[in-house]
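**Student:** with the input below, show me the fold.
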Amino acid sequence: MTDKNKIGILTGGGDVPGLNPVIKSVVYGADEIGRQVIGIRKGWEGLVNMTRPEDPAYIRELTRDNTRTIDRTGGTILHTSRTNPRRVPESKFPKHIPIDQLKKLPFDGRTYDLTSVALDNLDRLGIGCLVAIGGDDTLSFAAALSSAGFPVVAIPKTMDNDVQGTEYCIGFSTAVTRAKQSITRQRTTIGSHERIGIFRIFGRDAGFTALYTAYVTSERCLIPEYPFDLDRVCRLLMEDKANNPSNYALVIVSEGAIWKGGELMEYGEADAYGHRKKADIGHALAEEVHTRTGQETMVSDLTYDLRSGEPDSIDQLVSITFANIAVDLIRNGVSGRMIAIQNGCYAQVPLPDVSLGARKVHVANLYNTERYRPNYRSKLGAPLLFSGS
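**Tutor:** Here you go, the predicted model:
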C-alpha cells in the first residue's frame with residue numbers, strides 16, 4: 001500500500017440493485033478504521049476527466065451522514081459510465097489536459113491510453129487504495145491499474161453473473177427475482193390469448209440469468225452456450241401448449257442465444273470495450289415460431305426493468321458482506337484482489353483475467369440440452385445458491 005490514507009470508490013458499467021449498499025458499507029467500515037472515503041462519480045470517466053481534487057462534477061467526499069439512507073434505493077449515487085481509460089477516442093479526450101501532456105500519451109491513431117492520467121489523479125486525490133465495483137469490462141481497467149502498481153480491491157457486479165472467479169455477482173438475485181415476478185404477472189395475458197410467450201433477458205455471453213429464471217418458473221430457456229434447434233424448440237413449445245389447460249407456452253431466451261446455423265446480427269457503434277448491440281433475439285425467435293407453428297406469439301423484453309429499483313434481500317446481504325470484506329483487506333494491506341463467492345463461500349481471489357472472457361454456464365451440469373430446461377437433478381452436495389458448475 002502507498003502512504004496515502006484515503007480510500008477511493010467508484011461504480012462502472014451498467015447499474016444494478018445493490019451498489020448503494022456496497023458504497024454505504026465501505027464508508028461505514030472505513031470510518032471504523034479511521035479512513036476517509038472519496039467517491040469518484042461516473043466511473044472511470046470521473047477519474048480521467050476531473051479537473052482538480054475538489055471537482056464537484058466528478059469528486060464527492062462520502063461520510064456516514066451523506067450515505068446513511070442510500071442503501072434503501074437502487075442505482076448508484078455515484079452514477080456510472082462505460083468509459084475505458086485505455087481507449088478514449090479523440091472526440092472524448094479531456095479538453096483540460098495540456099497539449100504537452102497529450103503528446104506523451106500512447107495513441108493508436110484513433111484512441112488514447114489515459115492510464116497515466118488516472119494514476120496521476122489518484123495521486124492528486126490522496127487515494128491509497130481504490131475499491132472498483134463493476135463487471136468484467138470495468139474490472140479489466142482495475143486490473144490494469146493493479147498491474148501498474150496501484151492498490152485495487154474489486155467487487156463484482158452484473159445481472160449476467162458472468163465475471164470470472166466468482167459464482168455470484170451483485171445484482172443477479174434481484175434480476176432473477178424481478179424476472180420471475182414479471183413472468184408470473186404476464187401469464188394471465190398470455191393464457192387469456194392462448195399464445196406462446198417469449199421473454200428476452202440480458203445475457204450477451206452467458207445464460208445464467210435466463211437459466212435461473214427458468215429454474216424458478218419451470219419453463220424452457222435458450223442460452224448462448226448452446227445453439228438451439230428451431231424445429232425442436234417449436235415442437236417442445238407446442239407440446240407445452242397442448243399439455244397446459246390454459247393452452248399457452250413460455251420460453252425464456254438470453255439476448256446472446258442463437259439457433260443452429262443462424263447468426264444474430266450486431267449493429268451500431270462499438271462501445272469503449274468493443275461491444276456492439278445485438279439484434280433482438282426475442283422478435284427474431286417470435287417470427288420463426290409463428291412461421292413454423294402458425295401460433296400467435298407475445299414478446300416481452302425483460303432487460304432494463306430487471307436492474308431497476310431496490311435490491312432484494314440476497315443482493316442486500318451479499319453487497320454488505322462484500323463491502324466489509326473489502327474493508328478488511330484494505331485494513332490488512334491486501335490489494336490486487338476481488339471479493340468473490342467460491343464453492344458457496346465468501347472468498348478473495350485474484351483480479352479477473354480479461355483474456356478469459358465471460359464466465360459461462362457449465363452446460364453438462366446445469367442444462368438439459370434435449371429439453372432446453374435447467375437440470376434439476378444431481379444437486380446433492382451442491383452449494384445452496386448459484387453454483388457455476
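**Student:** when you work out contacts or count neighbours from here on, use the C-alpha atoms and nothing else.
**Tutor:** Will do.
**Student:** quick check: A175 vs T69, distance?
**Tutor:** A175 sits at a distance of 22 Å from T69 (criterion: CA to CA, to the nearest Å).
**Student:** typo on my end, A284
**Tutor:** If you measure A284 against T69 using CA to CA, the figure is 43 Å.
**Student:** for L119, same thing?
**Tutor:** 31 Å.
**Student:** cool, R178 as well?
**Tutor:** For R178, the distance to T69 equals 23 Å [CA to CA].
**Student:** over to P383?
**Tutor:** P383 is 32 Å from T69, by CA to CA.
**Student:** just G191 next, same as before
**Tutor:** Counting by CA to CA - G191 and T69 are separated by 41 Å.
**Student:** more neighbours, these two?
**Tutor:** More crowded of G191 and T69, by other CA atoms under 10 Å: G191, with 19 against 12.
**Student:** so this protein: which segments form each domain?
**Tutor:** 6-170+311-356, 176-308+362-374 (automatic domain parsing).
**Student:** so how far is the longest one off the chain centroid?
**Tutor:** If you compare the mean C-alpha spot of domain 6-170+311-356 with that of the full chain, they lie 14 Å apart, counting by CA atoms, centre = their mean, to the nearest Å.
**Student:** end to end, how far does that domain reach?
**Tutor:** End-to-end distance for domain 6-170+311-356: 32 Å, by CA to CA.
**Student:** please apply the same query to stretch 299-313.
**Tutor:** Span of stretch 299-313 from end to end, CA to CA: 29 Å.
**Student:** quick one: contacts of that stretch?
**Tutor:** Under the contact criterion CA atoms under 8 Å, 6 or more residues apart in numbering, stretch 299-313 has outside partners 15-18, 72-75, 159, 171, 173-179, 182, 197-202, 282-283, 286.
**Student:** give me the buried subset of these.
**Tutor:** Neighbour counting by 16 or more other CA atoms under 10 Å classes 15-18, 73-75, 159, 171, 173-179, 182, 197-202, 282-283, 286 among the contacts of stretch 299-313 as buried.
**Student:** wait, S140 sits on S355?
**Tutor:** No. Applying CA atoms under 8 Å, one finds S140 not in contact with S355, separated by 9.4 Å.
**Student:** of the two, which one has the most company?
**Tutor:** Ranked by neighbour count (other CA under 10 Å), S140 and S355 place S140 first, with 19 against 7.
**Student:** residues contacting that one?
**Tutor:** Per CA under 8 Å, 6+ apart, neighbours of S140: P352, D353, V354.
**Student:** so the first one makes contact with T166?
**Tutor:** If I follow you right, that is P352. No. Between P352 and T166 there is no contact under CA under 8 Å: 9.2 Å.
**Student:** in the protein, where is pLDDT below threshold?
**Tutor:** Where the chain drops to pLDDT under 70, the residues are 1-3, 263-278, 386-389.
**Student:** in it, where's the longest strand?
**Tutor:** Across the chain, the longest stretch assigned as strand under DSSP state E is strand 127-134.
**Student:** which of the three states applies to the closest residue to V37 other than its chain neighbours?
**Tutor:** Closest residue to V37 apart from its sequence neighbours, by CA to CA, 6 or more residues apart in numbering: I7 at 4.8 Å. The three-state label given to I7 by DSSP: H, G, I helix; E, B strand; the rest coil is strand.
**Student:** for K42, same thing?
**Tutor:** Under three-state DSSP, K42 falls in the coil class.
**Student:** residues contacting the nearest residue to it once chain neighbours are set aside?
**Tutor:** Nearest residue to K42, sequence neighbours excluded (CA to CA, 6+ apart): T80, at 3.8 Å. By CA under 8 Å, 6+ apart, the contact list for T80 reads T11, G12, G13, G14, D15, R41, K42, G43.
**Student:** wait, V176 touches F208, no?
**Tutor:** No. Contact criterion CA under 8 Å: V176 and F208 do not qualify, at 9.4 Å.
**Student:** among the contacts of S140, which ones are buried?
**Tutor:** Among the contacts of S140, the ones that count as buried by 16+ other CA under 10 Å are P352, V354.
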